[in-house]
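S.K.: When you get a sec, could you give me coordinates for this:
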Amino acid sequence: MTPLHTETVGAGPVVVLAHGFTQTGRLWGPFGEILARDHTLVRVDLPGHAGSGAVSADLVAAAGLVVDAVDGTEPFDLLGYSLGARVALHLAFARPDRVRRLVLIGGTAGIEDPEARRARRLRDDALATELEESHDLGGFLRRWLAGPMFSGLRDPGMNERLRNTPGGLASSLRMAGAGTYEPLWNHLGDLTPPVLALAGADDPRYAGTGARIARSVRHGVFSLVPGAGHAAHLAQPDLAARMVTQFFSAMRK
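M.R.: Modelled structure (predicted):
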């Protein structure tokens, strides 16, 4: 399978960054700049996005591709946001030998109700079809970012998101959407890396799932980011970066 596109910045311990849907590996803003002061950031373009737009992969395959994108065999810290959190969680289960510490921003372990999961798959498939047929990437992105989860974002990075393609995003929706995988809640106790679950205080759905993840793993921490919605690290980059670095310091391995 075609390897994922990555870009590396900073110096220090390695942190692999997995972005959200419609984003790219460059869309970490001031949050990423702060982390790069003391860490080597491996910024991955996930399947269907930007430089990896021609890659189609489900969550299990995407997790394997992320591991393959990191040089060496040493463990690394892994941070995933939303779609990236789904990939990161699958990676932590598949390759616990490679994940030193795990940070999930706006993450969940899946949709438990089978009918709700099926309904989500159907909605995502309809969105994918609409995107493929219209070829209106700009219009799709504007509608996506107009949702309540992203209200309050001063700079959603529209120009960077426009590096994506309708076909790539459609593939991501169909293969790695929130309804595509069996829930992992009953397996969280098997996770060995320490986990930080971050959520915006104005994102009650993912605040609930984040708190539950932290309670369910062996070594879990849950933190709410005030004044932030779903993209907590973009809305409050200084505070979110401080929470992540404090977690890394407290969970030294």
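S.K.: ok, Tyr206 touching Gly106?
M.R.: Yes - using CB atoms under 8 Å, Tyr206 is in contact with Gly106, at 4.7 Å. Placement of C-beta: from N, CA and C, glycine included.
S.K.: neighbour count winner among the two?
M.R.: Legend: neighbour count by other CB atoms under 10 Å for Tyr206 and Gly106, higher for Gly106 (28 against 24).
S.K.: could you check the distance from that one over to Met1?
M.R.: According to CB to CB, to the nearest Å, Gly106 and Met1 sit 27 Å apart.
S.K.: now do Gly210
M.R.: 31 Å.
S.K.: circling back to that earlier point, any residues in contact with both of Tyr206 and Gly106?
M.R.: Shared contacts of Tyr206 and Gly106 (CB atoms under 8 Å, 6 or more residues apart in numbering): 199-200, 230.
S.K.: Between those residues, which sits nearest Pro156?
M.R.: Within these, proximity to Pro156 (CB to CB) peaks at His230, which comes in at 11.3 Å.
S.K.: which ones are touching the closest one?
M.R.: By CB under 8 Å, 6+ apart, the residues touching His230 are 82, 106, 149-150, 200, 203, 206.
S.K.: quick one: the strands in the protein?
M.R.: All strands of the chain, identified by DSSP state E, fall at 6-10, 14-18, 40-44, 76-81, 99-105, 195-200, 220-225.
S.K.: could I get these as TSV with mean neighbour count, distance to Gly29 and mean pLDDT?
M.R.: Compiled in TSV, the strands of the chain are given as follows (neighbours: other CB atoms under 10 Å; distance: least, CB to CB, whole Å; pLDDT from 0 to 100):
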stretch	mean neighbour count	distance to Gly29	mean pLDDT
strand 6-10	16	13	98
strand 14-18	25	12	98
strand 40-44	23	12	98
strand 76-81	28	12	98
strand 99-105	26	13	98
strand 195-200	28	15	98
strand 220-225	19	14	98
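S.K.: who's in contact with Asp77?
M.R.: Per CB under 8 Å, 6+ apart, neighbours of Asp77: 13-16, 39, 99-103, 248.
S.K.: swap the cut-off to 10 Å and go again
M.R.: Residues near Asp77 by CB atoms under 10 Å, 6 or more residues apart in numbering: 13-17, 35, 39-42, 99-103, 193-194, 244, 247-248, 251, 253.
S.K.: how about the residue most central in space within the chain, what does it touch?
M.R.: Compute the mean C-alpha point of the chain, and by CA atoms, centre = their mean the closest residue is Gly84, 2.0 Å away. Residues counted as contacts of Gly84 (CB under 10 Å, 6+ apart) are 16-21, 23, 25, 44, 46, 49, 62, 66, 78, 104-107.
S.K.: Report the separation between it and Val44.
M.R.: From Gly84 over to Val44 (counting by CB to CB), the distance is 8 Å.
S.K.: so what sits against both of these two?
M.R.: Common neighbours of Gly84 and Val44 (criterion: CB under 10 Å, 6+ apart): 16-19, 25, 62, 66.
S.K.: Could I get these in a markdown table, plus columns for distance to Glu160?
M.R.: Output for the shared contacts of Gly84 and Val44, formatted as a markdown table (distance: CB to CB, whole Å):
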| residue | distance to Glu160 |
| --- | --- |
| Val16 | 19 |
| Leu17 | 14 |
| Ala18 | 16 |
| His19 | 10 |
| Gly25 | 10 |
| Ala62 | 20 |
| Val66 | 20 |
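S.K.: got TSV for the shared contacts of Tyr206 and Gly106, with distance to Asp136 too?
M.R.: Listed next are these as TSV, based on distance: CB to CB, whole Å:
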residue	distance to Asp136
Ala199	31
Gly200	29
His230	23
